[in-house]
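> Pasted the sequence and its predicted model underneath.
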Amino acid sequence: MAILINRVKIRNNLLELGKFTLFSIRRFLVGTLIVVSCYLLYFSPVNIVTTSLLEVVGKTLSAGVLIYNGSIDSVKLAYGRLSYFKDLESENLRLKLELTELKKIKQLALDARVENQALRQMLRVPPKLRNNFVTAKIVGVSSTPFASSAVIQAGEADGVRVNDVVKGKSGLIGRITEISKNYSTVVLIDDHNSRIPLITSNSKARGLLAKQGDRLKMIHLKEDHTATIGEMIYTSGDGKIYPKGIAVAKIERVTHEGVFVKLVEHFDDMEFVIIESTL
């Protein structure tokens, strides 16, 4: 890196030299014009300044102007090229420094990965299940007082299977109950027969999601539960259908009648879903 920095310094020195050269040429030519003008005004009688002498002086001055202009253009061109190379060298140096930092970060990530694998083997942690994901479009939603379901545009041809989990952007939507070649039926979580095992985020109270009328609540909670308003509710993993840790709802009200919740997903304005299989 020190070599790269020295190269940039050399480029800067060349630019300063170019500026000095341009300045010197200007001063020389201006001085020459001043000397010639003074000589003609003070030392040459009017009768001596003949037409021939005037022609010679004119040509000399014209040549000086041409030389001056040519020199200025050359120096400007050289200065412009040096400026371009200076910017290019600086950008190249910045990119090389950034690449060096990225290589360090990559090495740290690789070291952390190796260390993580070693610790998992030492602690005998089982490997994570690999999830398969399919994105599908919702083609229809049916919601009645007795059942809630949806039809999605993905089926057996897409690798969808019965009991696959269906999620949205924020949380759980339901599970696959029927499949055809290109379409599937999803039972939504607010269906009367869903009965999804849940656990609260802070109090760790366990229960089931159930629909009573037009309200959703947690049932089969222990009498001494400490569930509070604002707690998030996730799948508990009990029952082996829904994996643990998927967001489902948020506690909206706690009364003597029970713990009432509000779903994190809204089916009315949803267009796409994700089908997840852990098989």
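Nice, thanks for sending it over.
> helices or strands next to the helix or strand hosting residue 259 in the packing?
Assigned by DSSP states H and E, residue 259 belongs to strand 258-263. The contact analysis (3 or more Cβ pairs under 8 Å, 6 or more residues apart in numbering; DSSP states H and E) places strand 258-263 against strand 215-219, strand 247-255. All C-beta atoms are positioned from the backbone trio N, CA, C, and that covers glycine.
> Buried residues in the top strand by length along the chain, which are they?
As assigned by DSSP state E, the longest strand anywhere in the chain is strand 132-143. Using 16 or more other Cβ atoms under 10 Å as the test for burial, strand 132-143 gives 134, 136, 138.
> Contacts for that strand next, please.
148-154, 158-160, 183-184, 188, 190, 267-268, 270-277, 279 (Cβ atoms under 8 Å, 6 or more residues apart in numbering).
> Quick check: PyMOL command selecting the buried ones in those residues.
Entered in PyMOL, the line below selects the buried ones among these, by 16+ other Cβ under 10 Å:
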select buried, resi 148+149+150+151+152+153+154+158+160+183+184+188+190+267+273+275+276+277
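> Just to be sure, which of the contacts of strand 132-143 are found in helices?
Using DSSP state H, no member of those falls in helices.
> From the contacts of strand 132-143, which land in strands?
148-152, 184, 188, 272-277.
> Adding distance to residue 212, write the residues you listed out as CSV.
Listed next are the ones in strands among the contacts of strand 132-143 as CSV, based on distance: Cβ to Cβ, whole Å:
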residue, distance to residue 212
148, 14
149, 19
150, 21
151, 26
152, 27
184, 28
188, 16
272, 30
273, 26
274, 29
275, 29
276, 28
277, 31
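> Number of residues surrounding residue 164?
Neighbourhood size, residue 164 [other Cβ atoms under 10 Å]: 23.
> coming back round to it: can you pull the buried residues of the strand holding residue 259?
Buried residues in strand 258-263 (16+ other Cβ under 10 Å): 258, 259, 260, 261, 263.
> For residue 259, which non-adjacent residue is closest in space?
Spatial nearest neighbour of residue 259, excluding adjacent residues (Cβ to Cβ, 6 or more residues apart in numbering): residue 218 at 4.5 Å.
> I'd guessed that neighbour sits against residue 211; true?
No. The pair residue 218 / residue 211 is not scored as a contact, 11.5 Å apart, by Cβ atoms under 8 Å.
> need the helices for the stretch 51-200 of the chain, in chain order.
51-123 (DSSP state H, counting those that start in this stretch).
> residue ranges with poor pLDDT in it?
51-76, 78-84, 86, 125-131 (pLDDT under 70).
> Tell me what angle the longest strand of the chain forms with strand 272-277.
120 degrees (axes from the mean of the first three to the mean of the last three Cα atoms, to 10 degrees).
> What pairs with strand 132-143, parallel or antiparallel?
Strands that pair with strand 132-143, judged by DSSP bridges, come out as strand 148-152 (antiparallel), strand 272-277 (antiparallel).
> for the ones you listed, which one sits closest to residue 204?
Closest to residue 204 of these, according to Cβ to Cβ: strand 272-277, at 24.4 Å.
> what about the closest residue to residue 238 other than its chain neighbours, how many residues close to it?
Closest residue to residue 238 apart from its sequence neighbours, by Cβ to Cβ, 6+ apart: residue 197 at 3.8 Å. Applying other Cβ under 10 Å, we find 19 residues neighbouring residue 197.
> swap in the one 4 residues further on?
Using other Cβ under 10 Å, residue 201 is surrounded by 15 other residues.
> Touching, it and residue 233? I think so.
Yes. The criterion here is Cβ under 8 Å, and residue 201 meets it with residue 233 at 7.1 Å.
> about what we covered before: OK, contacts around the residue nearest to residue 259?
198, 205, 207, 208, 209, 210, 227, 233, 258, 259, 261.
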